[in-house]
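Colleague: Let's see this in three dimensions:
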Amino acid sequence: MTKLSVNINKIATIRNARGGKLPDVLKAAAALENFGADGITVHPRPDERHITRIDAYDLKDIVTTEYNIEGYPSEDFLKMVISIRPDQVTLVPDGPDVLTSNAGWDCKKQLETLKPIVKRLKETGIRVSIFLDPEPEQVEYAKQTGTDRIELYTEAYAEKYHSDKESAIKPYIRTAELAQEKGIGINAGHDLNLDNLAYFVGHVPGLMEVSIGHAFISDALYLGLNNTVQMYKERCK
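Modeller: Numbering: from 1, shown residues only. A predicted model of the protein is given here:
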């Protein structure tokens, strides 16, 4: 069964809009795990517009399943995650002004940049995942970075799902098959939701984990955290 990691950035966004501590991201993380989430994901950004550095540190003592921190590998970010030691760090190529992740790494061009970063993280015992577009050629270079996993960037799939889901899924299948051949684990995330998740999970081979935030928290506003966890996990089977 594909694991469900819930990105709780949006809970922090609501808190920060008012100030104070409500809603409490630590309480939310514990509740999500209680309800059956397999992991908690956060993406702290330099401007702290949602998850803050303090949140990232405090969650280490709360999360009992799997803790995944996403981010651009600036020196500040790397020092933070090495200090926290989450279970997994997902490297994304976002600049500081990007609203949300919008592309995977070009591992061919960035190979010599990524290799020492991946090595540095792995030497501390942290599993490393690299955010990647569904392009089989990129898998060859991702392998050379030494990464443990890739996270397939699924916006293109989500955009085409309702008009031509068979075509939308094909590059993800090819990329995942090659990753399996290379011994690389496969995660996925971005714009996956209750409509398109089951088809993706059912067709992409070797899918180990999905990270879902915006759609999940939006659904939880109507359905509640517990019901939403159950509905997403059902689609992860």
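
Colleague: bridging residues for Ile186?
Modeller: Per DSSP bridges, the residues bridged to Ile186 are Ile150, Leu207.

Colleague: my read: it touches Phe200, true?
Modeller: No - using C-beta atoms under 8 Å, Ile186 is not in contact with Phe200; the gap is 11.3 Å. Every residue, glycine included, has its C-beta placed from N, CA and C.

Colleague: intersection of neighbour lists for those two?
Modeller: The overlap between the contact sets of Ile186 and Phe200 (C-beta atoms under 8 Å, 6 or more residues apart in numbering) consists of Leu207.

Colleague: center of the chain, which residue is that?
Modeller: With distances taken as C-alpha atoms, centre = their mean, Ser211 lies nearest the centre of the chain, 4.2 Å away.

Colleague: Following the one helix or strand that one maps to in sequence, what is the next regular element?
Modeller: When secondary structure is defined by DSSP states H and E, Ser211 falls within strand 207-212. Where DSSP H and E defines the elements, the next helix or strand beyond strand 207-212 is helix 214-223.

Colleague: Just list whatever residues bridge to Ser129.
Modeller: Applying DSSP bridges, one finds that Ser129 bridges with Thr90, Arg149.

Colleague: residues in contact with Asp106?
Modeller: Pro93, Gln138.

Colleague: Kindly provide the distance from it to Ala28.
Modeller: 35 Å (C-beta to C-beta, to the nearest Å).

Colleague: now Ile62
Modeller: 10 Å.

Colleague: Packing partners of the longest helix seen in the chain?
Modeller: With secondary structure taken from DSSP state H, the chain has its longest helix at helix 155-181. Helices and strands touching helix 155-181, by 3 or more C-beta pairs under 8 Å, 6 or more residues apart in numbering; DSSP states H and E, are helix 136-145, strand 149-153, strand 185-189, helix 197-203.

Colleague: tell me which residues in the longest one are buried?
Modeller: Put plainly, it is helix 136-145. Going by neighbour count (16 or more other C-beta atoms under 10 Å), the buried part of helix 136-145 is Gln138, Val139, Tyr141, Ala142, Lys143, Gln144, Thr145.

Colleague: wait, isn't Lys160 in contact with Ser167?
Modeller: Yes - with contact defined as C-beta under 8 Å, Lys160 counts as touching Ser167 (6.4 Å).

Colleague: Show me which of those two is the more surrounded one.
Modeller: Taking neighbours as other C-beta atoms under 10 Å, Lys160 and Ser167 compare with Lys160 leading, 15 against 11.

Colleague: quick one: pLDDT of the more buried one?
Modeller: Predicted confidence (pLDDT) for Lys160: 98.

Colleague: what's near enough to touch the closest residue to it other than its chain neighbours?
Modeller: Among residues not flanking Lys160 along the chain, Ala168 sits closest, at 3.6 Å (C-beta to C-beta, 6 or more residues apart in numbering). Residues near Ala168 by C-beta under 8 Å, 6+ apart: Ala156, Tyr157, Glu159, Lys160, Tyr161.

Colleague: Grab the nearest non-local neighbour of the second one.
Modeller: Closest residue to Tyr157 in three dimensions, ignoring its sequence neighbours and counting by C-beta to C-beta, 6+ apart: Ala168, at 4.8 Å.

Colleague: Kindly provide the distance from the one you found to Ile217.
Modeller: For Ala168, the distance to Ile217 - C-beta to C-beta - is 24 Å.
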